[in-house]
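Enquirer: show me how the following folds:
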Amino acid sequence: MTQKTQERVVYVNGEYVPEAEARISIYDSALMFGDMVFEMTRSFHKKQFKLREHLARLMAGVKILHIPLNQSVEDLERACLETIERNDPGFAADDEHRLMIDVSRGLLGIYRGVAGLHKGPNVIIADFPLHWTVAGMGKLFESGINAAITSQRAIPAILLDPKVKNRSRVHYLMANIEASKLEGEDNWALLLDPDGFIAEGTGDNFFIVKNKTLITPEGRNVLRGISRAYIMQELAPQLGLPAVEKNIEPYDVMTADEAFMTGTPFCMIPATSLNRVPIGDGKVGPVTRSLLDAWSRSVGVDIVKQIQAWDRQRTADASGAPTPYSFKGKK
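Expert: Okay, the predicted model is just below:
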């Protein structure tokens, strides 16, 4: 993978600015309250996957949070595609486009008199290489992750609805930090809801497989993921696999045949243990593999080989800084 040197640009309120210059005010409601809805997408062969579905969910969040946005889904889609078009010449031939689409309310009322600041909602669309997000994940398709239940609980919908994809995510961060301090490698946080049922990961949905049936937590206290829906509504029917939503407990996970996480950047990651207790035989199971194979066929990309190839080509990050899927504690 040869990264090109063309500077990426970011869509900011109808203009395209250099990535390093894309910013919002310190008085923005997003900084003050985490008052922002967002989406993150990916491509296959440079073509966006489920972009409309991501934008529809974004607009639902805009509506529910009463953000006075005047743009339509069609407007946002055009802006996303133009952002990709402008940036693609700087992408390596074997990389994919990872969009980050942010919509904030904008300036809080008491600061709207500050000269030179944008008034009204902020719409920001950034486009960066997908391999940034999935760096180091290649081995996990063979070994799986250890799902680690943390003391940090999911915030239930009666307090802050997780079905609205928002930036108020300190609880996710704290769960990730807690998981990073556990012994062993590849610990991914898994949150319970206040009733003790499995909810979700910190940016991913969770499934178990029992007797060739896919089971995922009810959609009450979780983000209803685009990947989650794709598996349940499209891939599972193709393979003749029943898929149901129901409350599941840690016991159900430990007695399941298989388990996996779903998320936009990596699609699916096997979970081979829960709190270091093996799930099934502790190996990646046949249903998980069949779903990954079906997903790869449907998009014309071998998902596992693509991420593993990026891992072989990447330069390791020695900074120790946290990433969305890796939070390193002190030795």
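Enquirer: any idea how far residue 146 is from residue 203?
Expert: 17 Å (CB to CB, to the nearest Å). In this view, the C-beta of every residue, glycine as well, is placed from N, C-alpha and C.
Enquirer: again, but for residue 134
Expert: The value you get for residue 134 to residue 146, if CB to CB is used, is 18 Å.
Enquirer: quick one, which of those two is more surrounded?
Expert: Using other CB atoms under 10 Å as the criterion, residue 134 and residue 146 rank with residue 134 on top: 28 against 22.
Enquirer: now do the phi/psi pair for that one.
Expert: Dihedral pair for residue 134: phi -100, psi 10, per degrees, to the nearest 10.
Enquirer: just residue 237 next, same as before
Expert: Here is the backbone geometry of residue 237 (degrees, to the nearest 10): phi -60, psi -40.
Enquirer: name the SS class of residue 10, please.
Expert: Secondary structure, DSSP: H, G, I helix; E, B strand; the rest coil: residue 10 is strand.
Enquirer: surely it meets residue 22?
Expert: Yes - at 3.8 Å, residue 10 counts as touching residue 22 under the criterion of CB atoms under 8 Å.
Enquirer: show me what contacts the residue lying closest to residue 211 once chain neighbours are set aside?
Expert: Closest residue in space to residue 211, ignoring its immediate chain neighbours: residue 257 at 7.1 Å, by CB to CB, 6 or more residues apart in numbering. Contacts of residue 257 were listed using CB atoms under 8 Å, 6 or more residues apart in numbering, and they are 208-212, 279-280, 285, 287.
Enquirer: ok, residue 15 - how many residues close by?
Expert: 9.
Enquirer: likewise for the one 4 residues further on?
Expert: By other CB under 10 Å, the residues close to residue 19 number 13.
Enquirer: thought it was touching residue 8?
Expert: Yes - using CB under 8 Å, residue 19 is in contact with residue 8, at 4.5 Å.
Enquirer: low-scoring pLDDT stretches of the stretch 1-150 of the chain, where are they?
Expert: Counting by pLDDT under 70, the stretch 1-150 of the chain has low-confidence residues at 1-5.
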